[in-house]
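> Below are the sequence and a predicted model for it; my questions follow.
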Amino acid sequence: KMKTEAGVHRVQRVPATESQGRVHTSTATVAIMPQVDDVTVKIDPKEIKLQTARSSGAGGQNVNKVETAIDLIHIPTGIRIFCQQERSQ
């Protein structure tokens, strides 16, 4: 069963607009992943621990006084999702 294939491909060419015949090199990263079937996931809200926090980073005084970050933890698996909103001054 295929899991994932990935690699970097390099292309070398002499463009028609290149008057001195120099070689131009380009690279592209390619990842091939299998297509998966749709899965229905049911999460019991009782298994989620939700915390709010103050963001870190840019944002001036707003960062210190407004809770603009959220931390979700799925208790049975320990999977953690953390998201914060940053502001620029």
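Structure's in. What do you need?
> drop to CA atoms for contacts and neighbour counts, all remaining ones
OK.
> which outside residues touch stretch 29-36?
The contact list for stretch 29-36 (C-alpha atoms under 8 Å, 6 or more residues apart in numbering) reads 2, 3, 4, 5, 6, 7, 8, 9.
> Tell me which of the residues you listed fall in strands.
5, 6, 7, 8, 9 (DSSP state E).
> Could you take those residues and lay them out as CSV, with extra columns for neighbour count, pLDDT and distance to residue 31?
Shown next, in CSV, are these (neighbours: other C-alpha atoms under 10 Å; pLDDT from 0 to 100; distance: C-alpha to C-alpha, whole Å):
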residue, neighbour count, pLDDT, distance to residue 31
5, 10, 84, 6
6, 10, 87, 4
7, 10, 89, 7
8, 9, 90, 9
9, 10, 87, 11
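> Which residue ranges of the protein form helices?
For the chain, helices defined by DSSP state H occupy the ranges 61-65.
> how about low-confidence regions in it?
Along the chain, segments meeting pLDDT under 70 span 1, 54-67, 86-89.
> repeat that for 90
1-7, 9, 11, 15-21, 28, 30-37, 39, 41-43, 51-71, 82-89 (pLDDT under 90).
> got the residue ranges for the strands in it?
Assigned by DSSP E, the chain shows strands spanning 5-13, 24-32, 48-53, 69-74, 79-84.
> out of those strands, deepest packed?
strand 69-74 (a mean of 16; mean count of other C-alpha atoms under 10 Å).
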